[in-house]
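>>> Quick one, fold the following:
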Amino acid sequence: MTGQETPEAVTHWLSLVAADAELSPYLIGVDRERLTAQVARALATGTDLPYLGWSEAEHRRAESYLRRRSFWEEVEDSYPGLLPERDAPLIEAALRRLTDGPDRPEKLALLSVLGGAYRRFGLRPEHQTIINGALRTTVPWQEVERAATEAGDGPAWWPLEVLDHDLACDGVAILTVRPWRRLPYQPGQAVPVCTPRRPGRWRWLCPANAPRPDGTVELHVRAVRRGAVSTSLVHQVRPKELLYLGPPTDTGLSLHGGDLLLIAGGTGLAPLRAIVEQVAAAPDGRHVTLVVGSRDVASLYDAITLDKLQQAHDWLTVVPAFSHDPLAEPGERGDALTVALDHLRGEQQIYVCGPPAMVAGSRLRLLAAGVPGERIHLPERIPWR
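As a prediction, this is how the structure comes out:
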């Protein structure tokens, strides 16, 4: 292996180890620069990998990741031109993650992406044995094929550049990104998001804006406990980095006619703010009330943008709801749904988006308040939180 090829091989090895559910914990707290140099030396001299505390079986698997040919090379030998070389690492990492048994939200995001890739690259059952062999594992292909039947004809993912990263409040970041190709989404939809810092891991996020002329997309991300992707997006990702967005998926929050009462908790604000912008792009005389819940004033992370929207549109009323702020005005005290019930009017369409506990109890509370079930819209089609 040439000196020029060695850094690429080490980077590839690190991505495979990071995507391996059993090996990746051993990378926590490791000096990456020192480890990279040690692995490069092991590769160049044929010596053993540095000891990171893993078992003998885990060490053999890590060695196999380093010594064998790449996933793309093995597939290319049997089916030339089947997978583009630049896309193969993303496919490989996603397939490996799928075989690790991710939780349901992440699994659905993975299948959305892999179903699109299966369709996009013309994969067939006869390719599966070779791909399984290159991965040294067995992929649940029936699930991928089922997802492929539901996938559209567009790209499996959209590469994009991070233009801006704003730590809006403790644990919440606002990212402005620009896809290399325009992302064809509608307000209220969700997209799987992946960072190369966490290869193979995808998380659902909803764009916080209606489609813009310049194609940029705003993402609101809260770092959640044990959330590898969200933690990276909030605390590690910086401008000019590369991310990927998967195919847009309906959540049950598409715009309906009539006045709107939008009830947001935390970063559940994102799809509801996008709906506000959708109405602003084509005002039709409806009135929109947006109730935004947070613990206190400091946690109301998008306050400046919301204030600008309200000042620009006389049909929009923004109401903050503070659950843990004793200094809040009487009409602003309480959780978002409690405050929102004071703003029920006529034949409003009601949208709720926020933490799982908030969404789970909202339907019953709204039904008890007299809202017909057909006017209640929740993000139920995918468990994206």
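
>>> Where does pLDDT dip in the stretch 201-350 of the chain?
Scanning the stretch 201-350 of the chain for pLDDT under 70 picks out nothing.

>>> What's the local residue count around Asp166?
Counted with other C-beta atoms under 10 Å, residues neighbouring Asp166 total 12. No exception for glycine: its C-beta is placed from N, CA and C like everyone else's.

>>> and it, what helix or strand is that in?
strand 158-169 (DSSP states H and E).

>>> for that strand, packing partners?
The contact analysis (3 or more C-beta pairs under 8 Å, 6 or more residues apart in numbering; DSSP states H and E) places strand 158-169 against strand 172-179, strand 242-245.

>>> Strands along the stretch 201-350 of the chain, start to end?
Taking DSSP state E, counting those that start in this stretch, the strands of the stretch 201-350 of the chain run over residues 203-205, 217-222, 242-245, 260-265, 288-294, 316-322, 349-353.

>>> Quick check: can you name the pairing partners of the first one and their directions?
The one in question is strand 203-205. strand 191-194 (antiparallel) (DSSP bridges).

>>> neighbouring contacts of the partner strand?
Strand 191-194 is contacted by residues 90, 109-110, 112-113, 157, 183, 185, 200-207, 219, 229, 233, 243-249 when judged by C-beta atoms under 8 Å, 6 or more residues apart in numbering.

>>> Which residue, other than its chain neighbours, is closest to Ser362?
Val352 (4.4 Å; C-beta to C-beta, 6 or more residues apart in numbering).

>>> ok, back up a step: among the strands of the stretch 201-350 of the chain, which comes closest to Val39?
Taking C-beta to C-beta, strand 242-245 is the member of the strands of the stretch 201-350 of the chain nearest to Val39, at 22.5 Å.

>>> Tell me the spacing between the closest residue to Gly215 other than its chain neighbours and His324.
Using C-beta to C-beta, 6+ apart and skipping residues adjacent in sequence, the residue nearest Gly215 is Arg182, 4.7 Å away. Arg182 sits 41 Å away from His324, going by C-beta to C-beta, to the nearest Å.

>>> What of Pro192?
Counting by C-beta to C-beta - Pro192 and His324 are separated by 32 Å.

>>> Same check on Pro25?
34 Å.

>>> Model confidence for the most far-flung residue of the chain relative to its centre, exactly?
The outermost residue of the chain, judged against the average C-alpha position, is Thr45 (40.0 Å), by C-alpha atoms, centre = their mean. Looking at Thr45, its pLDDT reads 78.

>>> Then the one 10 residues further on?
We note a pLDDT of 86 for Ser55 in this prediction.

>>> burial count for it?
Ser55: 9 neighbours (other C-beta under 10 Å).

>>> do the same with Ala18
18.

>>> so after the helix or strand where it lies, what's the next helix or strand?
Per DSSP H and E: Ala18 is located in helix 5-19. Toward the C-terminal end, the helix or strand that comes next after helix 5-19 (DSSP H and E) is helix 32-45.

>>> That following helix to helix 5-19, inter-axis angle?
Interaxial angle, helix 32-45 versus helix 5-19 (axes from the mean of the first three to the mean of the last three C-alpha atoms, to 10 degrees): 120 degrees.

>>> Show me what secondary structure element comes after helix 32-45.
helix 56-67.

>>> How far off centre is that next one?
Computed by C-alpha atoms, centre = their mean, to the nearest Å, the separation of helix 56-67 from the middle of its chain amounts to 30 Å.

>>> Stretch 90-107 too?
Distance of stretch 90-107 from its chain centroid, counting by C-alpha atoms, centre = their mean, is 13 Å.

>>> can you check stretch 111-124 too?
On C-alpha atoms, centre = their mean, the centre of stretch 111-124 falls 18 Å from the chain's centre.

>>> List of residues touching stretch 335-343?
261, 263-265, 289, 291-293, 317, 319, 321, 323, 331-333, 352, 354, 358, 361-362, 365-366, 369.

>>> Which among the residues you listed count as buried?
Neighbour-count burial (16 or more other C-beta atoms under 10 Å) applied to the contacts of stretch 335-343 gives 261, 263-265, 289, 291-293, 319, 321, 323, 332-333, 352, 354, 358, 362, 365-366.

>>> these two touch, right, Glu74 and Ala134?
Yes - taking contacts as C-beta atoms under 8 Å, Glu74 lies within contact range of Ala134: 3.8 Å.

>>> neighbour count winner among those two?
Ala134 (22 against 17).
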